[in-house]
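*Asks:* Generate coordinates for the sequence data below:
(2 chains)
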Amino acid sequence: MTRVLLFGPLRDLAGWRERALDPAPASLSALRALLSAEDPALGEALARPGVQAAIDKALVRGDAALPADAEVAFLPPMSGG
Amino acid sequence: MIRLVEAPFEPGALLAEFSAGRSETGAIVSFTGLARAEAGGVEALELEAYPGFTDTAIAEMAEQARARFDLQDVMVVHRVGRIAPGEAIVFVATAAAHRRAAFEAADQLMDYLKSRAPFWKKSHGRGGARWIEPRAQDYEDAARWDERA
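*Replies:* Below you'll find the predicted structure:
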């Protein structure tokens, strides 16, 4: 199972903050493709420059394999404090 | 010490707590950031954090400032959730042997927090709600402190 978290404007756009996907996608790109197939507007927003992805609370660049029971967060540009 | 808190906090109490029992500290600088009403345009701010990620990022910023300015101690308290105008959003305190280091460390830490801390901020007001990004000035302020490679 993969937990997916959306923050900031992404959450408003998608209409959800957290979801569990079972079976778990094998990679970040597979996860993006899955989300994009369901909601193309979200898929497009996730691909925008400035949107970062974190796996188990560590930022990743490009594609990455998803470990079992991974937590994947999509982080839009940060507002600061 | 890094804290993300949902409830309003009292900056004076935090400063008293931070200042207590220091016999080798020559200087403590504190900064408190408040939510502005923007002439009635803002009814509330909503601040979203990613627990376990946001606090780690802030701890790294604090550690960077501690090492660079040879601080004895650092405290960062940041609100999350809904914040009303006039309430404190952020409290930063630095302790050092001498004042210059304490001032500069607090300044750097605030500039980094304002532009680089992983928060997502929404403003609720008369014109509805909108997500806020740092101003160009915030990025420039933070870049002043970046050490050249």
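*Asks:* drop to CA atoms for contacts and neighbour counts, all remaining ones
*Replies:* Fine.
*Asks:* mean confidence for the longest helix along chain A?
*Replies:* Longest helix in chain A by number of residues (criterion: DSSP state H): helix A:28-38. The average pLDDT within helix A:28-38 is 96.
*Asks:* Provide the contact partners of that helix at residue level.
*Replies:* Identification of contacts with helix A:28-38 by CA atoms under 8 Å, 6 or more residues apart in numbering or on different chains yields A:25, A:42-44, A:46, A:63-66.
*Asks:* Could you rerun that using 6 Å?
*Replies:* Applying CA atoms under 6 Å, 6 or more residues apart in numbering or on different chains, the contact partners of helix A:28-38 are A:25, A:43, A:63-64.
*Asks:* Buried ones among those residues?
*Replies:* Using 16 or more other CA atoms under 10 Å in any protein chain shown as the burial test, the contacts of helix A:28-38 include A:25, A:43 as buried.
*Asks:* residue ranges of the strands in chain B, please?
*Replies:* B:2-5, B:27-34, B:42-49, B:73-79, B:81-83, B:88-96, B:119-125, B:128-132 (DSSP state E).
*Asks:* and if you look at chain A?
*Replies:* A:2-6, A:18-21, A:52-55, A:58-60, A:71-75.
*Asks:* Just list what the last one packs against, helices and strands only.
*Replies:* Same thing as strand A:71-75. strand A:2-6, strand A:52-55 (3 or more CA pairs under 6 Å, 6 or more residues apart in numbering or on different chains; DSSP states H and E).
*Asks:* For residue 27, list each beta-bridge partner.
*Replies:* Since you didn't name a chain, this refers to chain A. For residue A:27, the beta-bridge partners under DSSP bridges are residue A:65.
*Asks:* Not quite, go with chain B.
*Replies:* Applying DSSP bridges, one finds that residue B:27 bridges with residue B:96.
*Asks:* Hmm, it is touching residue B:99, no?
*Replies:* Yes: if you go by CA atoms under 6 Å, residue B:27 and residue B:99 touch, sitting 4.9 Å apart.
*Asks:* For the helices and strands packed on strand A:71-75, give me CSV that also has distance to residue B:1, mean pLDDT and mean neighbour count.
*Replies:* Shown next, in CSV, are those (distance: least, CA to CA, whole Å; pLDDT from 0 to 100; neighbours: other CA atoms under 10 Å in any protein chain shown):
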stretch, distance to residue B:1, mean pLDDT, mean neighbour count
strand A:2-6, 27, 97, 20
strand A:52-55, 24, 96, 19
